[in-house]
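1. 3D, please:
(chains A and B)
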Amino acid sequence: MATTTAEGAAGWLDRSHTIAEPGFSRWMVPPAALCIHLCIGQAYAFSVFNLPMSKLIGITDSAPDDWKLTGLGWIFSIAILFLGIAAAFGGGWLDRVGPRKAMVAAACCFGGGFIVSALGVYLHQLWIIYLGYGVLGGIGLGLGYISPVKTLITWFPDRPGMATGMAIMGFGGGAFIASPLSVYLMKLFSTPEHIGVAETFVVLGVVYFIFMLIGAVIVRVPPEGWRPAGWVPPATQNSMVTSANVHLDDALKTPQFWLLWGVLCLNVTAGIGVLGQASAMSQEMFPGRISAAAAAGFVGLLSIFNMLGRFFWATTSDYIGRKMTYAVFFALGVVLYAAVPWTGQSGSVFLFVLFYGVILSMYGGGFAAIPAYLRDVFGVRYVGAIHGRLLTAWSVAGVLGPVLVNYIRQYQIDSGVAKADAYTVTMYIMAGLLVVGFLLNLMMRPVNQRFHMKAERAAA
Amino acid sequence: MHSIKLTLAWLLVGIPLVWGFWMTLMSAAALFQ
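-> Have a look, this model is predicted:
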């Protein structure tokens, strides 16, 4: 009996059980994807736990045995590292087993990561949190991030950018929900003698697990050969959009994969570098005019631009093409990054916020439009797995961006440059990175036909 | 039935997203005060 139940559950997870029944609306799939991405987007808000976790013993102030912020900062870094690893190595598996099993695995890892971390807080063992949120949660992040991508592209061949943009917008939006929710829960569970981080982790773990499981229940893949009613593939194909497929193993042998890897890495390096410094930069460039509270509001505003940019730019890419969209990111980015120091010198807070907002919208847009770019170049068959491999660029950029910004700023200050001007060189270097990105994108050409899968291999 | 499911699915993700968006917008208002 137990075996039958287990087999039934295993069968329910199979790709064959997720094939859509007649009458199923493809518009059910974006909410399914959002159920996943709204949860894993919590990662962007993990820093709300850093300060409370640095006072678990001292409560009001850090005690000598309390964890240091430097050690706590590693939790997020480990999670992003494992996001990249899981996305890179889990993509092939996801292609075989389908989205539901991958979503359930992501839910177990991400929700489980919180539960293990709660134990780490309870026992005051930081390594357990590294293992919980960092390793287990990071794997959940990676699997969750890529799990709905191919499904969305298959359901929306007419608007792949918009479809994946919607899901990846959820990743940006997840922080909006997680940040106030986490603060509320910690307040609820805290007493004068205790900070309620462990209880908050347990609640978040359970809530995220259930929410992600709902996404897994809703998700469906289209039957073989399905097309939207009335839609026919354009007869005169854009030369940058292929109808062929490139195998995952072959994709890595093409220059196009590495060009796009560089494109994503440079776009993210520039964006993530300034995002991490946004609060300090705004206060130091406008001393006395932007307070700490206003700077926190500024960071919130940037996250709105980051989220909306994901949907806006990915949707725009369906109309102007992916190569042109990235050309706009890099060309406009160069101008805006180079102009940010000028906004400080001219004293215009409005222009500073506006320029920064557009930069962050393009940072988010770079993430959201890349799956559709990969679909255009390598075909739909292995797009999920290829996207997973490409996300290693994010892990590299996650280290490179903050390191570049922090070290250049410190070097400037140590050299006697005023704090208000310390970001000038940084912004020019970021603009230089974008010039390289522009050139890499310019070099993009269709994949050589020798890499295209033969019909019988593609059908297998 | 399909349209009810569709509405419920979008409400499920839309309500928390709009709530979070609103909360963030309120905190961002501090920039302009």
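2. might you report the residue contacts of the residue in chain A that chain B sits nearest to?
-> When scored by CB to the nearest CB, chain A has A:Phe176 as its residue closest to chain B, at 2.9 Å. (Each C-beta comes from the backbone N, C-alpha and C, glycine too.) Shown in contact with A:Phe176 (CB atoms under 8 Å, 6 or more residues apart in numbering or on different chains): A:Ser303, A:Met307, B:Leu17, B:Gly20, B:Phe21, B:Met23, B:Thr24.
3. how far away is it from A:Asn306?
-> 10 Å (CB to CB, to the nearest Å).
4. chain B against chain A: which residues are in contact?
-> Contact residues (CB under 8 Å from any CB of the partner chain) of chain B with chain A: B:2, B:5-6, B:9-10, B:12-13, B:16-17, B:19-21, B:23-25, B:27-33.
5. list buried residues within those.
-> Buried members of those, scored by 16 or more other CB atoms under 10 Å in any protein chain shown, are B:9-10, B:12-13, B:16-17, B:20-21, B:23-24, B:27-28, B:30-31.
6. export these to a markdown table and tack on secondary structure and pLDDT?
-> Formatted as a markdown table, those follow (DSSP: H, G, I helix; E, B strand; the rest coil; pLDDT from 0 to 100):
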| residue | secondary structure | pLDDT |
| --- | --- | --- |
| B:Ala9 | helix | 96 |
| B:Trp10 | helix | 96 |
| B:Leu12 | helix | 96 |
| B:Val13 | helix | 96 |
| B:Pro16 | helix | 94 |
| B:Leu17 | helix | 93 |
| B:Gly20 | helix | 91 |
| B:Phe21 | helix | 91 |
| B:Met23 | helix | 89 |
| B:Thr24 | helix | 87 |
| B:Ser27 | helix | 84 |
| B:Ala28 | helix | 82 |
| B:Ala30 | helix | 76 |
| B:Leu31 | helix | 76 |
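7. quick revisit: the residue of chain A closest to chain B belongs to a strand?
-> No. Looking at A:Phe176 with DSSP: H, G, I helix; E, B strand; the rest coil, it is helix, so not inside a strand.
8. which residue sits closest to the one residue in chain B that gets nearest to chain A, ignoring its sequence neighbours?
-> Residue of chain B nearest chain A, by CB to the nearest CB: B:Gly20 (2.9 Å). Take B:Gly20 and drop its neighbours on the chain: the residue closest to it by CB to CB, 6 or more residues apart in numbering or on different chains is A:Phe176, 2.9 Å away.
9. and A:Met443, by the same measure?
-> Closest residue to A:Met443 apart from its sequence neighbours, by CB to CB, 6+ apart: A:Leu259 at 5.7 Å.
10. with A:Val197 instead?
-> A:Val121 (5.0 Å).
11. what's the following helix or strand after the host helix or strand of the one you found?
-> Element membership for A:Val121, per DSSP states H and E: helix A:99-123. Scanning forward in sequence from helix A:99-123 by DSSP H and E, the next helix or strand is helix A:126-129.
12. beta partners of A:Val246?
-> With DSSP bridges as the criterion, A:Val246 is bridged to A:His452.
13. could you point out the helix or strand that follows the host helix or strand of A:Ile413?
-> Using DSSP H and E, A:Ile413 falls within helix A:392-414. Using DSSP H and E, the helix or strand that follows helix A:392-414 in sequence is helix A:424-442.
14. what's the average pLDDT for that next one?
-> Mean per-residue pLDDT for helix A:424-442: 93.
15. quick check: the residue of chain B closest to chain A touching A:Gly172?
-> No. B:Gly20 is not in contact with A:Gly172 according to CB atoms under 8 Å; the separation is 10.4 Å.
16. show me what stretch A:433-451 is in contact with.
-> By CB under 8 Å, 6+ apart, the residues outside stretch A:433-451 that reach it are A:239-240, A:242, A:244, A:246-247, A:250-251, A:253-256, A:259-260, A:262-263, A:266-267, A:269-270, A:323, A:326-327, A:329-331, A:333-334, A:337, A:377-378.
17. residues of it that come out buried?
-> A:Leu433, A:Leu434, A:Gly437, A:Phe438, A:Leu440, A:Asn441, A:Met444, A:Val447, A:Phe451.
18. please apply the same query to stretch A:258-265.
-> A:Leu259, A:Leu260, A:Trp261, A:Gly262, A:Val263, A:Leu264, A:Cys265.
19. show me how far it is from its chain's centre.
-> Remark: stretch A:258-265 is offset 15 Å from the chain centroid, using CA atoms, centre = their mean, to the nearest Å.
20. so the most centrally placed residue in chain B is in which element?
-> Nearest to the mean C-alpha position of chain B, by CA atoms, centre = their mean, lies B:Val18 at 1.3 Å. Assigned by DSSP H and E, B:Val18 belongs to helix B:2-28.
21. and that helix, what other elements does it pack with?
-> Where contact means 3 or more CB pairs under 8 Å, 6 or more residues apart in numbering or on different chains; DSSP states H and E, helix B:2-28 is packed against helix A:29-40, helix A:160-189, helix A:292-320.
22. between helix A:29-40 and it, find me the angle.
-> If you take axes from the mean of the first three to the mean of the last three CA atoms, to 10 degrees, helix B:2-28 sits at 40 degrees to helix A:29-40.
23. could you check how far A:Lys454 is from A:Arg96?
-> A:Lys454 is 20 Å from A:Arg96, by CB to CB.
24. repeat that for B:Phe32.
-> For B:Phe32, the distance to A:Arg96 - CB to CB - is 51 Å.
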